[in-house]
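> return atomic coordinates for the entry below.
(4 chains)
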There are 2 protein chains.
Amino acid sequence: MRIGELAEQVGVSVETIRYYERQGLLENPARSESNYRSYGGEATKRLGFIRQCRSLGISLKEIQPLLKLAEAPGAYCGEVDALLDEHIRKVREQRRDLAKLERQLKALRVDCHPSMQVRGCGILQDLALVTESESRKSADKKVSIRP
Amino acid sequence: MRIGELAEQVGVSVETIRYYERQGLLENPARSESNYRSYGGEATKRLGFIRQCRSLGISLKEIQPLLKLAEAPGAYCGEVDALLDEHIRKVREQRRDLAKLERQLKALRVDCHPSMQVRGCGILQDLALVTESESRKSADKKVSIRP
DNA sequence: GCTTGACCCTCAAGTCACTTCAGGGTTTCT
DNA sequence: AGAAACCCTGAAGTGACTTGAGGGTCAAGC
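Okay, here's the model as predicted:
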């Protein structure tokens, strides 16, 4: 199987496969006479595993040891649990943050003045810029300015 | 005000300020004789605005025109609305994705075999690696179990 | 007067997970 | 035989910063 076929099977770009190889997540495959990469069924599984992990938001760095573990059937798999727990914690946190963010954005959204001019735009005011008159009184500290 | 003070006021690193300057989001500040950046109160506001936007997940590229808009009191602010609407849409989508992700991760998490060995680990099996041929072949390999 | 340490400066490179580009060679179809 | 579709390598680009190297400046304390 050549790289393009593998890519299509797993639903990933050719460049991504080569990238994973460079990163040491996929073994260097056999090569054809014309130096084309040549893969067996193993590669599909390994790449599928990686993609599955990535779709769960697991980083490449975290996938590395998972792959090792997955290939050592007698090993202790508590590490997998731990990694997942930590990951679930992170995802939960992200979700909380995003929920808060959505509330903030929605609160902003209703906040535009009917004039539809920046002058009266509550959004921009809430975002805390729009100089009212405070910049006028900017007491001039004399600092020598470089050319 | 020197860069360190500004950084502390706004709660951002000195490097980040210099980065924003390079990106053209902050104007080149005045310089002291010894070439130190010297900021007035304006900078605090502008930087605060940027940080507020960033905390809402708005990209630097999107902040650029917002800043321009915020400084042109007579302009039409419908663009701000549009940007926010689009952003809210994105955030909602991200939240849906993350919720799904959390369900998947939790489903995985309960799935480890009582032996706590990779051999029987449902998680890794669900992640779809552990080839049968491999498992059989290496069934006799004694793999040390982590404490 | 001299050292120490906390600041400040610039420029360059590193991070993550890819993607894109430049400049080729090979295979397959017509 | 020529074109399209595939493959190769190596390098650079993305975003939003962070880190590092290699310096200069300034106030306080000895």
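> state the distance from A:Ile58 to A:Gln52.
9 Å (CB to CB, to the nearest Å). C-beta here means a position set from N, CA and C on the backbone, and glycine is covered the same way.
> lowest-confidence helix or strand of chain A?
None of the helices or strands of chain A scores lower by mean pLDDT, DSSP states H and E than helix A:122-126, at a mean of 70.
> so what's A:Pro29 closest to, chain neighbours aside?
Distances taken as CB to CB, 6 or more residues apart in numbering or on different chains put A:Arg37 closest to A:Pro29, at 4.6 Å, once the chain neighbours are dropped.
> my guess is that neighbour meets A:Glu27, correct?
No - at 10.8 Å, A:Arg37 does not count as touching A:Glu27 under the criterion of CB atoms under 8 Å.
> any idea which element A:Arg51 lies in?
Take DSSP states H and E as the rule and A:Arg51 turns out to sit in helix A:41-55.
> what does chain A have sitting close to DNA strand D?
A:Arg2, A:Ile3, A:Gly4, A:Glu5, A:Ala7, A:Val14, A:Arg18, A:Asn35, A:Tyr36, A:Arg37 (CB under 7 Å from any atom of the strand).
> hmm, 6 Å instead?
Contact residues, chain A versus DNA strand D (CB under 6 Å from any atom of the strand): A:Arg2, A:Ile3, A:Gly4, A:Glu5, A:Val14, A:Arg18, A:Asn35, A:Tyr36, A:Arg37.
> how many neighbours does A:Val110 have?
10 (other CB atoms under 10 Å in any protein chain shown).
> ok, now A:Leu108?
21.
> which SS state does it fall under?
Following DSSP: H, G, I helix; E, B strand; the rest coil, we place A:Leu108 in the helix state.
> in this structure it contacts A:Ile123, no?
Yes - if you go by CB under 8 Å, A:Leu108 and A:Ile123 touch, sitting 5.2 Å apart.
> shared neighbours, these two?
B:Leu84 (CB atoms under 8 Å, 6 or more residues apart in numbering or on different chains).
> hang on, the earlier thing: following element in sequence after the helix holding A:Arg51, please.
Next along from helix A:41-55, by DSSP H and E: helix A:60-70.
> and that following helix, how far out from the chain's middle?
Chain-centre distance of helix A:60-70: 18 Å, with CA atoms, centre = their mean, to the nearest Å.
> per-residue confidence at the residue nearest the centre of chain A?
Centroid-nearest residue in chain A, with CA atoms, centre = their mean: A:Gly57, separated by 7.4 Å. You'll see A:Gly57 listed with a pLDDT of 80.
> which ones are touching the spatially closest residue to it that is not a sequence neighbour?
Leaving aside its sequence neighbours, A:Gly57 sits nearest to B:Leu101 (CB to CB, 6+ apart; 6.1 Å). Shown in contact with B:Leu101 (CB under 8 Å, 6+ apart): A:Leu56, A:Gly57, A:Val91.
> how much space between the residue of chain A found nearest DNA strand D and DNA strand C?
Taking CB to the nearest atom of the strand as the measure, the point where chain A comes nearest DNA strand D is A:Gly4, at 2.5 Å. A:Gly4 sits 11 Å away from DNA strand C, going by CB to the nearest atom of the strand, to the nearest Å.
> mind giving me the packing neighbours of the helix or strand that residue falls within?
According to DSSP H and E, A:Gly4 maps onto helix A:3-10. For helix A:3-10, the elements it packs on are helix A:14-22, helix A:41-55, judged by 3 or more CB pairs under 8 Å, 6 or more residues apart in numbering or on different chains; DSSP states H and E.
> winner for burial among those?
The highest average neighbour count among the helices and strands packed on helix A:3-10, using mean count of other CB atoms under 10 Å in any protein chain shown, belongs to helix A:41-55 at a mean of 18.
> that one vs helix A:60-70, what angle?
With axes from the mean of the first three to the mean of the last three CA atoms, to 10 degrees defining the directions, helix A:41-55 sits at 130 degrees from helix A:60-70.
> what is the burial count for A:Ser32?
Counted with other CB under 10 Å, A:Ser32 comes out at 10.
> ugh, wrong one, I meant A:Arg2
13.
> could you chop chain A up by domain?
According to automatic domain parsing, chain A is divided into the following domains: A:1-75, A:76-131.
> A:Arg37 and A:Glu27 - which one has more neighbours?
Higher neighbour count among A:Arg37 and A:Glu27: A:Arg37, with 20 against 11, using other CB under 10 Å.
> right, I'll call it a day here.
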